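**Q** return a 3D structure for these sequence lines:
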Amino acid sequence: MYLNDLEETVVLIAAVFIIIAFIVKTYKDIKETIAEEKQKLYEKNKNEEKVKNLIEYIETKSTLIKSIVKAKKILEKQKKK
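**A** Numbering: from 1, shown residues only. Predicted coordinates for the structure are as follows:
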């Protein structure tokens, strides 16, 4: 069974349309994936910054507690005298 010229043209146009649709879909998927990865990277950097701030806060608090304990020990020694 052979196709006439009109049928061949229709098949060719359909094939080109399918290929173009596949390329567009692939492009959109890649673009979406890149956007998701950028968002994940942004969130990761944001979380790392929060962790750094928390570590700094904890270290400051620890230093403050140590100085309070040291001051209490000095006061206790002075009271004993």
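**Q** show me where this protein dips below the pLDDT cut-off.
**A** Regions of the chain meeting the criterion pLDDT under 70 cover residues 1, 81.
**Q** run the last query once more with 90
**A** In the predicted model of the chain, residues 1-5, 76-81 satisfy pLDDT under 90.
**Q** the helices in it, which residues?
**A** 5-80 (DSSP state H).
**Q** I'd like the distance between the residue nearest the centre of it and residue 9.
**A** When CA atoms, centre = their mean is applied to the chain, the residue found nearest the centroid is residue 40 (1.5 Å). According to CB to CB, to the nearest Å, residue 40 stands 47 Å off from residue 9. In short, each C-beta sits where N, CA and C put it, glycine included.
**Q** for stretch 45-57, list the C-alpha coordinates in CSV.
**A** This file holds the C-alpha atoms of stretch 45-57, laid out as CSV (Å, rounded to 0.1, in the frame of the first residue of the first chain):
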residue,chain,number,x,y,z
ASN,A,45,22.0,28.7,51.4
LYS,A,46,19.3,30.3,53.5
ASN,A,47,19.3,27.3,55.9
GLU,A,48,23.0,27.4,56.2
GLU,A,49,22.9,31.0,57.1
LYS,A,50,20.3,30.3,59.8
VAL,A,51,22.5,27.5,61.2
LYS,A,52,25.5,29.9,61.3
ASN,A,53,23.5,32.4,63.1
LEU,A,54,22.3,29.8,65.6
ILE,A,55,25.8,28.6,66.2
GLU,A,56,26.9,32.1,66.8
TYR,A,57,24.0,32.7,69.2
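**Q** heads up, I number from 7, so please use that
**A** Sure, I'll start numbering at 7, so the last one becomes stretch 51-63.
**Q** mind listing what's buried along it?
**A** Residues of stretch 51-63 include none that count as buried (16 or more other CB atoms under 10 Å).
**Q** so how far is it off the chain centroid?
**A** Relative to its parent chain, stretch 51-63 has a centroid offset of 15 Å by CA atoms, centre = their mean, to the nearest Å.
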